[in-house]
Structures are given as C-alpha cells and as structure tokens.
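Undergrad: using only what follows, build the 3D model:
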Amino acid sequence: MKKLVVITGASSGIGEATAKRLSAAGHPLLLVARRVEKLEALDLPNCLCEKVDLTVHAEFHAALAKAEALYGPTDLLINNAGMMLLGQIDTQPAEEFKTMFDINVIALLNGMQAVLGPMKARNTGTIINISSVAGRKTFGAHAAYCGTKFAVHAITENVREEVAMSDVRVITIAPGAVETELLSHTTSEDIKAGYEEWKKTMGNILAPDDVARSIEFAYAQPQDVCIREIVLASTRQEP
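TA: This is a model prediction of the structure:
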C-alpha cells in the first residue's frame with residue numbers, strides 16, 4: 001500500500017476524479033465532503049469517508065487522526081473544497097462573501113495547519129491547493145470569488161517558501177473553466193446564463209479528469225522536485 005492521500009471536497013468534480021485516479025494508483029484515501037453518501041458511493045478500496053465541516057478545526061483533525069490510525073501519516077493533502085458564488089459586490093448577498101471565504105480560504109488554512117507540522121518533522125510531504133485562473137486575473141461578477149482565489153495563490157506560495165528547507169512541497173493548481181457543480185452554487189440566474197454562454201464559445205471546457213491528471217503529475221515527481229504552479233485551461237479559453 002502506498003502513502004495516505006487526503007482530499008477535501010471529494011464528492012464530485014475535481015475531487016472525485018482525483019480520488020479515482022490516486023486510488024487506482026494504490027493510495028489509501030481519506031475523502032472529506034458534506035455529502036458523505038456520495039463519497040461512499042464511489043466504493044473505493046482502502047478509503048475512509050468522513051462528513052466534516054471544514055471550517056471547524058476539530059472536525060477535520062478528528063477525521064485526519066482516524067485515517068492516520070488506519071493508513072499512516074498523511075503524505076498528500078489536496079485542498080479541493082470550494083464555493084463559487086458569483087455576483088456584483090453592490091447587489092450580492094453579504095452572507096455569500098462569508099461563505100466563500102470560509103470554505104475557500106479558512107478551511108484551506110485549517111487543512112494546511114493540520115498536516116504541516118508533522119510533514120516538517122518528517123522532512124517530507126506535499127500539499128496541493130486548488131485555486132483558479134481567477135486567482136491570477138479578474139473577471140466580471142467575480143470580485144469576491146477572485147478575492148478568495150487570489151488569497152489561495154498568495155497563501156500557497158508564501159507557505160511553500162516557508163517550508164522549502166523542510167523538504168515539504170506546496171503546489172498551486174489553477175484551472176480555467178471546468179465542467180463541475182461550481183456554477184450551480186451561484187444564485188443569480190442571469191450570471192449563470194451568461195457563464196453558460198461563455199462556455200459555449202470555447203467548445204469543450206476542461207473535464208475534472210483533466211485537472212486530476214495535472215494533480216497526479218505534480219505529485220508523482222520526486223520529493224526534491226516541486227512544480228510550484230500549474231495553470232491549465234481549454235485551448236480556446238482566452239482570458
């Protein structure tokens with residue numbers, strides 16, 4: 001059995017595709033999401049499925065301890081859980097800002113904090129944070145969402161520098177538009193319709209497995225090779 005991989009937001013999309021790939025490669029898994037029944041339906045071997053509120057530090061720690069008792073220390077954490085609630089700042093419900101920052105930023109920090117100390121002590125380990133092209137440039141009706149993803153980029157690169165001498169890798173994966181459930185989170189029907197029209201201009205946007213392959217590639221490098229950032233998008237995606 002290979003080393004333990006922990007994936008947040010694993011019930012669909014990129015998280016689900018990555019879980020399938022890394023399970024097929026022989027890794028035991030801790031899969032974390034709100035919809036634990038969808039995790040269990042994947043029916044992957046050597047896999048612990050846990051329903052966790054990622055904004056509650058103790059809940060994630062408890063799930064992590066349970067998995068590590070079964071499969072050994074965490075070698076890879078993939079912070080994939082995310083929310084995309086698009087809107088204009090002057091009209092978007094304020095609670096949507098908090099929801100995105102809680103999941104996209106606070107939960108990510110909680111996850112990193114839970115594994116970083118032990119990884120540094122062992123002088124090995126990898127953290128992969130799923131950001132977005134929206135963490136590198138701005139888009140209309142994306143202000144708060146871009147804010148969270150710019151934060152992910154900054155946090156990931158900052159921590160990468162801090163732990164480099166401990167031989168721990170910290171990697172940013174920044175996809176463009178991906179065919180996932182993210183858009184369904186947005187409450188504005190007009191914005192959703194506009195986004196769908198934009199997708200049509202590209203023909204085929206990324207599939208979740210396209211991103212999963214990039215994650216697998218980055219992780220598969222020797223521990224002394226850190227691919228700091230991968231940016232990928234449909235060839236026809238211009239911005």
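Undergrad: which non-adjacent residue is nearest Phe150?
TA: Nearest residue to Phe150 in three dimensions, chain neighbours excluded: Gly135, at 5.2 Å (Cβ to Cβ, 6 or more residues apart in numbering). In short, each C-beta sits where N, CA and C put it, glycine included.
Undergrad: surely the one you found and Ile173 touch.
TA: No - applying Cβ atoms under 8 Å, one finds Gly135 not in contact with Ile173, separated by 10.2 Å.
Undergrad: for the residue nearest the centre of the chain, give me its contacts.
TA: Closest residue to the average C-alpha location of the chain: Asn80 at 1.6 Å, with Cα atoms, centre = their mean. Listed by Cβ atoms under 8 Å, 6 or more residues apart in numbering, the contact set of Asn80 reads Ile7, Thr8, Gly9, Ala10, Ile14, Gly15, Thr18, Ile130.
Undergrad: what about Asp53, which SS state?
TA: When classified by DSSP: H, G, I helix; E, B strand; the rest coil, Asp53 comes out as coil.
Undergrad: quick check: which element contains the nearest residue to it once chain neighbours are set aside?
TA: Take Asp53 and drop its neighbours on the chain: the residue closest to it by Cβ to Cβ, 6+ apart is Glu59, 5.3 Å away. Using DSSP states H and E, Glu59 sits within helix 57-71.
Undergrad: likewise for Ser23?
TA: Assigned by DSSP H and E, Ser23 belongs to helix 13-24.
Undergrad: pretty sure Leu70 sits against Pro28.
TA: Yes - counting by Cβ under 8 Å, Leu70 touches Pro28, with 7.2 Å between them.
Undergrad: these two: who's more crowded?
TA: More crowded of Leu70 and Pro28, by other Cβ atoms under 10 Å: Pro28, with 22 against 12.
Undergrad: so which elements touch the helix holding Glu59?
TA: strand 4-8, strand 29-33, strand 47-51, strand 74-79, helix 107-122 (3 or more Cβ pairs under 8 Å, 6 or more residues apart in numbering; DSSP states H and E).
Undergrad: how much space separates the residue nearest to the centre of the chain from Val231?
TA: Distance, Asn80 to Val231, by Cβ to Cβ, to the nearest Å: 16 Å.
Undergrad: picking that back up, on the pLDDT front, check the residue nearest to the centre of the chain for me.
TA: What the model reports as pLDDT for Asn80 is 98.
Undergrad: next: the one 10 residues further on.
TA: Per-residue confidence at Asp90 stands at 95 (pLDDT).
Undergrad: where does it land in three-state SS?
TA: Per three-state DSSP, Asp90 ends up coil.
Undergrad: for Val231, pull up the helix or strand it's in.
TA: Here Val231 sits within strand 229-232, counting by DSSP H and E.
Undergrad: ok, back up a step: now what about the helix holding Glu59, what contacts it?
TA: For helix 57-71, using Cβ under 8 Å, 6+ apart, the contacting residues are 1, 4, 6, 28, 30, 32, 46, 48, 50, 52-54, 74, 107, 110-111, 113-115.
Undergrad: longest helix in this structure, please.
TA: Taking DSSP state H as the criterion, the chain has its longest helix at helix 143-163.
Undergrad: for it, buried residues please.
TA: Residues of helix 143-163 classed as buried by neighbour count (16 or more other Cβ atoms under 10 Å): 143-153, 155-157, 159-160, 163.
Undergrad: related to what we said a few turns ago, among the contacts of Asn80, which one sits closest to Tyr219?
TA: Distance to Tyr219 across the contacts of Asn80 (Cβ to Cβ) is lowest for Thr18, with 9.5 Å.
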